[in-house]
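Undergrad: A predicted structure for the sequence below; I have some questions about it.
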Amino acid sequence: MKKRTLKKFFGLLALSLLCYFMSSCKTESQLLILNWGEYINEDLVTKFEEEYHCIVNISIAESNELFYAKVKSGTTAYDIVVPSDYMVEKMQQKDLLQKINYDLIPNYHNDKLLPGAQGIRSQMGKTLEDYAVPYLWGTFGLMYNKKVNGLKEALMETDGWPVYFNHSSFNSNLRVAMYNVPRYAYATAMFASDADPNYVDSESLEKAYNLIKNANFVEWGTDQLKKQIAINNLDLAFVYTGDFLDQLYIELQSGTLLENIPFDIYIPSKTIAFMDNLVIPKKARHVKLAHEFINFMIEKENAYLNSSVVGYCTPYQEAYDMIVNYQTIDEKWHEIFDDVWLQSWSYAMQTYYPLPKIDDVVKFKGTVLSNRRLTNDDLTKITNMVNNAKIA
Amino acid sequence: MNNRFHKMAIPYLIWLYALALIPTIFMFFLIFFDMEGLDFDEIKITLKNFAQLTESSTLIALWNSIKYAFLSTIICIILGYITAYFLYKSHFKNKFLILTILILPMWSNLLLRTQALASIMEPHNIITSLLHLNPNTQEGLAGKGIAVVIGLVFTYLPFMILPIYTALEKIEPMLEEASLDLGTTEFKTFFRVTLPLSFKGIVTGSVMVFLPCMSGFAIPEILGKGNIVMIGNIIEQFFKNMNYNIGSLLAIVILLLILVSIALVNKFDKEGETIL
Amino acid sequence: MERKVKISPLSGKEIATMAEYGYHNFAILKKILKIIGIITVILVAIILYLSIIIIFIYSVNSSGSTTEFKSFTFKWYFKITEHRMLFKSIINTFVVSITATLISTFLGTLIAIGVFNSNLKRRKRIMLLNNIPLLNADIVTGISLMLIFSLLLKIFPYIFGFPTLLIAHVYFTLPYVILNVLPKLSDIDPNLMDAALDLGVKPRKALFKVILPAIRNGVLSGMLMAFTMSFDDFVISYFTTGNGFDNLSIWIYGSIGRKDLTPAVYAFNSIVIFGAMLILLFANIISIKNQKRKIK
């Protein structure tokens, strides 16, 4: 290697190190957020940075457990994390979170939440309200292929679960899939057998094992499931309602008419509901800025804009009303969004996240998963039970 | 050469002790404890983690891993040897170019590549959509064992071709010529001279293919559509559920298999000459 | 094998007598084997590049769906820079991979020279340990490194991020460089170095002037392998990074699950592959031209 090559070599090395120091010398003054992937409207982040003269740095992870591992290990002092209900509970139990100072968040008021979000919040328990501000929420449902004759009716008649777990009684060629998280699979089996999804004993494990084994799922997947149904590779799958909406919006935006959409979702009366919350870890360094960020994100119009990009449902009544009553909103929104989008968005929210009617006894659907009564051993047993059922 | 240079290896030995050996020992200790994640406050000594080894899913997953890794390795040896031999005989001596062509696909993300592969194994996919085909079948390849084997072969084949090619390249051309001059046929020359001399390339390549095939989790999960469980999936699940104890136990089991393989490589290839 | 026997379809007997003399006509078999060889090579080429082609099709599909093709477009290629987090992670990936590759190429070469000159016992020990980063399961490597780095947290609270990621990447790319350089070292004529030293060249200078040019190819291939491994790594990076310093793989894995990936990722992937191919082609043309000039 000639001297010139060596010089080039070190030049390149120095340049990349310089790049790094230029890009990250401000690490200490950054608001550090740990979020799900593509789970925030980036324009809002830019707007926040401009208004508050700061830098926001967002990392992403794909599961609540990874959130926990990251916060617990203390490798990074995150200022805001977005865990789901049961993980908020756990983080709080392990004393990883600090209390939210609601005086710094004037935009929040419990009464401003949608009934569904309120229901989840009450299930999560009173103590957690001090630690978590709702961000987005949703349910799970059974997404199905409309091309299969009679499937919709069968789901409606039986409230979903009997067809899902025993599809041979309906149509032996039905291609059914499960979301690939053992805990979710266990919960669905408990819904199907009218039991509590947050309780584990050997009897319920046995029951779940038999149900899952006999269901013969052709696929255990995550985000692929919705695509598989949309293109007719699958007939029925347990998915996030938000996943379904994502696929729906893609179809609508590419010009498919609503009545021609080849799939739909049925949300059983017993299903998993979840809420992702903004929490501030104990080790956070920019507590005031974190509160300002939370206050900013849940502001009516920002919550509206955020939901428009993310596709999941906002828990805030005012933002929800803006989506649903799109005819009456400001002219400026019509300039940002085209009418087709506003119309389909409104339709989707009213259909899949409906407000309860006055005479409804049950104000919302869904059970929040909680690991409060489960030990580590129980979780291991669930994982093993599902694996055993898969290979049986 | 100059013996002063040997000092340059000492820092690396210390580095390896610190970053490779200590963590392995740490994991070995984790096996005997019960805790959540790395929460040392609630640590308990126990032997119950070993019960995981008798769980039928663990055993079948281990068997699946060995079976699919073995099948993939065999297919890789066949395809890889023919390709390497062809390249070696083609008088195309720019090794760097060959290396780059083989390795370039890895510059795109493994997950994206695997998902792309999985999607075209379905009856309805982007190709049928592009060509306006209407598949009659309801079932594709995806979700079957063969799909996993195909995925493993597609991903790890370069690791087989490279060592074999390197081994072939090192054979003195005169040896083959001598053999031919002595009247043996080309086929006999191949089986008596070329193949034995390139055997260590095959061994190295097999280890380089077998180990990642056995311990990986992304490929079986995506191409097996979650229905095929391999040991890597189980390890990943336990680490994901923050049960680092059982996770470590299974990882150590794999590590033992890895050590056996390393010993195997060392037996055939003392210098690690043909690894890549 | 120089003898060529023309086989007339009418004279089957003669062939039989040839065989009796111990001569086997392998011409047809050889042809068949050659065809098998060509088919295999084509098959391997398809195996290697099939998914790349599919990803390219995704990147020019206007609908953003990975299952249905709507119409041809290049719009996703312009959206790479627009997507703030994606773009940042791409920059991070390049910064980490290039720095790690340069460092491990430099150190790896020196270490390889050191190992080559060590006594057999130490050499064996190093080569055994050297296999651990190479063959260990990623998740184990990732978590162990995280544990070790956590010990430093008390002294350097901001260490997680670029520094830890860099160390981790150097850690698992070094073995590739070492393994590529070592065999080239044993190919060098041992007298070469002595000759240089006898001529009064200082050892350090001799290292750069004599040894490095001789092992150049090994260093280059080690560098290429190191960059590839660093560029594509997810699991180790995931556990060893922090303070918002995500690389592209972390971004991709994190984005899958709740939401669809933006096709800009597919576009970026295609740019990297086709860009590298173009560079390769160009470099090859130049080297062929240079060779021709030398011959003249």
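TA: Perfect, I can see it now.
Undergrad: can you name the element that comes right after the lowest-mean-pLDDT helix or strand in chain C?
TA: Least confident helix or strand of chain C, by mean pLDDT, DSSP states H and E, is helix C:12-20 with a mean of 53. Sequence-wise, the next helix or strand downstream of helix C:12-20 (DSSP states H and E) is helix C:27-59.
Undergrad: the bottom helix or strand of chain A by mean pLDDT?
TA: Counting by mean pLDDT, DSSP H and E, chain A has its least confident helix or strand at helix A:3-24, which shows a mean of 62.
Undergrad: if I look at the nearest residue to residue A:112 once chain neighbours are set aside, how far off is residue A:345?
TA: Once flanking residues are discounted, residue A:112 sits nearest to residue A:317: 5.3 Å by C-beta to C-beta, 6 or more residues apart in numbering or on different chains. (Each C-beta comes from the backbone N, C-alpha and C, glycine too.) In this view, residue A:317 and residue A:345 are 16 Å apart by C-beta to C-beta, to the nearest Å.
Undergrad: identify the residues contacting residue A:52.
TA: The contact partners of residue A:52, taken as C-beta atoms under 8 Å, 6 or more residues apart in numbering or on different chains, are A:289, A:292, A:293, A:296.
Undergrad: still on that earlier bit, what's the helix or strand just after the least confident helix or strand of chain A packed up against?
TA: The helix or strand immediately downstream of helix A:3-24 is strand A:30-35, counting by DSSP H and E. Under the contact criterion of 3 or more C-beta pairs under 8 Å, 6 or more residues apart in numbering or on different chains; DSSP states H and E, strand A:30-35 touches strand A:55-60, helix A:64-73, strand A:80-81, helix A:287-297.
Undergrad: wait, what's in contact with the most centrally placed residue in chain C?
TA: The C-alpha lying nearest the average C-alpha coordinate of chain C belongs to residue C:225 (C-alpha atoms, centre = their mean; 3.0 Å). Shown in contact with residue C:225 (C-beta under 8 Å, 6+ apart): B:99, B:103, B:276, C:173, C:176, C:177, C:180.
Undergrad: which of the three states applies to it?
TA: Using DSSP: H, G, I helix; E, B strand; the rest coil, the structure places residue C:225 in helix.
Undergrad: how close does it get to residue B:104?
TA: Residue C:225 is 12 Å from residue B:104, where distance means C-beta to C-beta.
Undergrad: tell me who's in contact with the nearest residue to residue A:148 once chain neighbours are set aside.
TA: Sequence neighbours aside, residue A:235 is the residue nearest to residue A:148 in space, at 5.1 Å (criterion: C-beta to C-beta, 6+ apart). Counting by C-beta under 8 Å, 6+ apart, residue A:235 makes contact with A:144, A:145, A:148, A:151, A:174, A:175, A:176, A:229.
Undergrad: among those residues, which lie within helices?
TA: The helices, defined by DSSP state H, take in A:151, A:229 from those.
Undergrad: and the contacts of residue A:235, which is closest to chain C?
TA: residue A:229 (10.4 Å; C-beta to the nearest C-beta).
Undergrad: what residue in chain A comes nearest to chain B?
TA: Across chain A, the shortest distance to chain B (C-beta to the nearest C-beta) belongs to residue A:220, at 2.5 Å.
Undergrad: on the three-state scheme, the closest residue in space to that residue that isn't next to it in sequence is what?
TA: Closest residue to residue A:220 apart from its sequence neighbours, by C-beta to C-beta, 6+ apart: residue B:226 at 2.5 Å. Of the three states, residue B:226 takes coil under three-state DSSP.
Undergrad: ok, residue B:226 touching residue A:219?
TA: Yes - using C-beta atoms under 8 Å, residue B:226 is in contact with residue A:219, at 6.2 Å.
Undergrad: which parts of the stretch 1-150 of chain B are strands?
TA: Using DSSP state E, counting those that start in this stretch, the strands of the stretch 1-150 of chain B run over B:33-34, B:44-45.
Undergrad: now those as TSV including mean pLDDT?
TA: Formatted as TSV, those follow (pLDDT from 0 to 100):
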stretch	mean pLDDT
strand B:33-34	84
strand B:44-45	82
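Undergrad: closest one to residue B:166 among the ones you listed?
TA: For those, the distance to residue B:166 is smallest for strand B:33-34, at 43.8 Å, taking C-beta to C-beta.
Undergrad: scan chain B for its longest helix.
TA: In chain B, taking DSSP H as the definition, the longest helix is helix B:56-89.
Undergrad: buried residues in that one?
TA: In terms of neighbour count (16 or more other C-beta atoms under 10 Å in any protein chain shown), helix B:56-89 has its buried residues at B:57-58, B:60-62, B:64-69, B:71-73, B:75-77, B:79-88.
Undergrad: and for stretch A:126-133?
TA: Neighbour-count burial for stretch A:126-133 [16+ other C-beta under 10 Å]: A:128, A:129, A:131, A:132, A:133.
Undergrad: from those, which land in helices?
TA: In this view, these that belong to helices under DSSP H are A:128, A:129.
Undergrad: going by distance to residue A:384, which of the buried residues of stretch A:126-133 wins?
TA: Closest to residue A:384 out of these is residue A:128 (29.7 Å), distances taken as C-beta to C-beta.
Undergrad: which residues touch that closest one?
TA: The contact partners of residue A:128, by C-beta under 8 Å, 6+ apart, come to A:85, A:88, A:89, A:92.
Undergrad: make TSV out of those and add neighbour count and distance to residue B:200.
TA: Formatted as TSV, the contacts of residue A:128 follow (neighbours: other C-beta atoms under 10 Å in any protein chain shown; distance: C-beta to C-beta, whole Å):
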residue	neighbour count	distance to residue B:200
A:85	25	56
A:88	26	56
A:89	22	56
A:92	20	57
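Undergrad: doesn't residue C:201 fall inside a strand?
TA: No - counting by three-state DSSP, residue C:201 is not part of a strand but coil.
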